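# Sequence and predicted structure are below.
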Amino acid sequence: MASGKMRGLVGIGLLVVAAVSGAADLPTFKLEMKDGVLNPARISVPAGQKIKIEIHNLGQSAAEFESVQLRKEKVLAPGAQSFVVIAPLQPGEYKFFDDFHAQAQGVIVAR
């Protein structure tokens, strides 16, 4: 019985490693958020391909990457970094914003 549980745990561990390494292989785009300023505010990505956006909060206040269209949100403390993985997009523009700083508006352009 214990060996069956061990195999199950090893299997789960391998799935986690595969998911993390899969995200590492994706086309990656960087976004810096700093107290209401997005850099870049326009991100061009390939259409029809899963992507990863690395988000860095360089500001002194919390930031939140949010896109209603993409159904993504990620809150970052000051100095924190994280990422979101976005499913393949149809060609077009997809808005995102910093929910803690209303003036910070951006767009992802899939071509």
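Cool, the structure landed.

# what's next to stretch 89-106, contact-wise?
Defining contact as C-beta atoms under 8 Å, 6 or more residues apart in numbering, one finds that stretch 89-106 is touched by 31, 33, 35-38, 40-43, 45, 47-48, 51, 61-70, 72-73, 107-111. To be clear about C-beta, it is placed using only N, CA and C from the backbone, and glycine gets the same treatment.

# And those, which of them are buried?
For the contacts of stretch 89-106, a burial check counting by 16 or more other C-beta atoms under 10 Å picks out 31, 33, 35, 38, 43, 45, 51, 62-67, 70, 72, 107-108, 110.

# Spell out, range by range, the helices that occur in this protein.
Using DSSP state H, the helices of the chain run over 2-24.

# what's the single longest strand in this structure?
If you go by DSSP state E, the chain has its longest strand at strand 101-110.

# for Ser82, what are its contacts?
So Ser82 contacts Glu54, Ile55, Lys74, Leu76 (C-beta under 8 Å, 6+ apart).

# 7 Å instead?
Ser82 sits next to Ile55, Lys74, Leu76 when contact means C-beta atoms under 7 Å, 6 or more residues apart in numbering.

# So which of those belong to strands?
Counting by DSSP E, the contacts of Ser82 contribute Ile55, Lys74, Leu76 to strands.

# Neighbours of Glu93, how many?
Using other C-beta atoms under 10 Å, Glu93 has 11 neighbouring residues.

# Next one, pLDDT for Asp25 please.
At Asp25, the pLDDT value in this model is 88.
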